[in-house]
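[1] Predicted model follows, preceded by the sequence.
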Amino acid sequence: MAINNFPWENRPDNCKDVMWRSSQNPIIGRYATAISNSIFNSAVVPFGDGYAGVFRCDDKAVRMNIFVGFSHDGINWAISDTPIKFEPGNTDMIHSDYKYDPRVTWIDDRYWITWCNGYNGPTIGIGYTFDFKTFYQCENAFLPFNRNGVLFPKKIDGRFAMLSRPSDNGHTPFGDIFISYSPDMKYWGEHRCVMKVAPFEESAWQCLKIGAGSIPILTDEGWLMFYHGVIATCNGYRYSMGAAILDRDDPSKVLWRTRDYILAPAAPYELAGDVPNVVFPCAAITEGNRVAVYYGAADTTVCMAFGHIDEIIQFIKTHSL
């Protein structure tokens, strides 16, 4: 499907990597709104004749919340200075001590939003909107503690499906990717482990914890899932991006996953920031064989990387655990 003003840059002549960074990075700076200390780990979808997004903006009191934004070209954004205010969805209970790291996808007849919701600790919040003007908040998906709730963009066997990473109440030093199912986006069950961390000696960049990144992309080979992996180094945690292919009919089955990372902290804006050494994918948009991935850099700014889906799939297969 053709998308208006698809954000894209061709691979630089001297680049041999399977994905490459935008020359305009960071595309959203930390002070892009009147109140922000940082803007990162945010979600983008095509909308109308351009794009809409839900953005993590930590304010100058470093309070974590999510904000709506719009763009004509996917690169230049106007983000609200006030957080999204939710109305009751499938529940009268709306409570959040904080909101961060949103994802957004269209399913059936509306845009569904997930985020890390503060309710006696981090869990997965769910909401929806039809127009990015009025937003509705639903029941939390899981008990605390959980992070990185990522919905599949279509139902599987008639049920909604979500990836997540059960965790603890701190800066989690562990974590594997699980999948859960729901008949109604309110009650979740059939929790299955999808993918565990890799052995240090085989793929150290993802040996501490892993978490789903952008909304999975359905390809002829299966679901293409970008994810983040973490290693504990003498300089702290280091977050990099990998990819996997999940079975299209049973996405709890991993067909291939990358041994080698696809993108790791290397650019100055990834190496330095509020949390150094972070590449954290949260959104991906596609047009034909092209994909543009939005990622948080150093927990400070929003950046982009580009690639061709067929090349990424081949890379996963040939550099697989």
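    Perfect, thanks for sending it.

[2] thinking residue 112 is in contact with residue 128, fair?
    Yes - shown here, residue 112 and residue 128 form a contact pair, counting by C-beta atoms under 8 Å, at 5.1 Å. For glycine as for every other residue, the C-beta is placed from the backbone atoms N, C-alpha and C.

[3] what about the helices in the chain?
    For the chain, applying DSSP state H gives helices covering 268-271, 309-318.

[4] Just list what the last one packs against, helices and strands only.
    Using 3 or more C-beta pairs under 8 Å, 6 or more residues apart in numbering; DSSP states H and E as the contact criterion, the neighbours of helix 309-318 among helices and strands are strand 217-219, strand 222-233, strand 236-246, strand 254-257, strand 290-297.

[5] Among the ones you listed, which comes closest to residue 273?
    strand 290-297 (6.6 Å; C-beta to C-beta).

[6] mind listing what the residue nearest the centre of the chain touches?
    Geometric centre of the chain, nearest residue: residue 282, 2.0 Å, by C-alpha atoms, centre = their mean. Counting by C-beta atoms under 8 Å, 6 or more residues apart in numbering, residue 282 touches 41-43, 101-103, 213-214, 294-296.

[7] The nearest residue to residue 202 once chain neighbours are set aside: neighbour count?
    Spatial nearest neighbour of residue 202, excluding adjacent residues (C-beta to C-beta, 6 or more residues apart in numbering): residue 321 at 6.3 Å. When counting by other C-beta atoms under 10 Å, one arrives at 17 neighbours for residue 321.

[8] And the pLDDT at residue 321?
    At residue 321, the model reports a pLDDT of 94.

[9] Please tell me I have it right and residue 290 contacts residue 308.
    Yes - the pair residue 290 and residue 308 qualifies as a contact (C-beta under 8 Å) at a distance of 6.4 Å.

[10] just the CA coordinates of stretch 245-264, formatted as CSV?
    This file holds the C-alpha atoms of stretch 245-264, laid out as CSV (Å, rounded to 0.1, in the frame of the first residue of the first chain):
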residue,chain,number,x,y,z
ILE,A,245,10.7,-14.2,12.5
LEU,A,246,7.7,-15.8,14.3
ASP,A,247,5.3,-18.4,12.9
ARG,A,248,2.4,-16.6,11.3
ASP,A,249,-0.2,-19.0,12.7
ASP,A,250,1.4,-19.7,16.1
PRO,A,251,3.6,-16.7,16.9
SER,A,252,4.8,-18.4,20.1
LYS,A,253,7.1,-20.3,17.8
VAL,A,254,10.3,-18.6,16.8
LEU,A,255,11.5,-19.7,13.3
TRP,A,256,14.7,-17.6,13.3
ARG,A,257,16.3,-14.9,15.5
THR,A,258,19.4,-12.8,15.0
ARG,A,259,22.6,-13.9,16.6
ASP,A,260,24.2,-10.6,15.5
TYR,A,261,22.5,-7.3,16.4
ILE,A,262,21.0,-5.2,13.6
LEU,A,263,21.6,-1.8,15.2
ALA,A,264,23.6,-1.0,18.4
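
[11] and that stretch, how far out from the chain's middle?
    Here stretch 245-264 is found 15 Å from its chain centre; the criterion is C-alpha atoms, centre = their mean, to the nearest Å.

[12] mind starting the numbering at 51 from now?
    Sounds good: first residue 51 from here, last item stretch 295-314.

[13] mind listing what the residue nearest to the residue nearest to the centre of the chain when sequence neighbours are not counted touches?
    Distances taken as C-beta to C-beta, 6+ apart put residue 91 closest to residue 332, at 5.1 Å, once the chain neighbours are dropped. For residue 91, the contact set (C-beta under 8 Å, 6+ apart) comprises 106, 150-152, 330, 332, 346, 349.

[14] Pick the one among those residues closest to residue 192.
    Nearest to residue 192 among the contacts of residue 91, with distances taken as C-beta to C-beta, is residue 151, at 14.9 Å.

[15] Count residues in the vicinity of that closest one, would you?
    Counted with other C-beta under 10 Å, the neighbours of residue 151 add up to 23.

[16] quick one, what contacts the nearest residue to residue 182 once chain neighbours are set aside?
    Distances taken as C-beta to C-beta, 6+ apart put residue 102 closest to residue 182, at 4.6 Å, once the chain neighbours are dropped. Applying C-beta under 8 Å, 6+ apart, we find residue 102 in contact with 94-95, 118-121, 154, 161, 182.

[17] bridging residues for residue 102?
    Note on residue 102: beta-bridge partners residue 95, residue 120, judged by DSSP bridges.

[18] Next: the one 4 residues further on.
    When assigned by DSSP bridges, residue 106 has beta-bridge partners residue 90, residue 116.

[19] And for residue 213?
    Taking DSSP bridges as the rule, residue 213 bridges to residue 200, residue 229.
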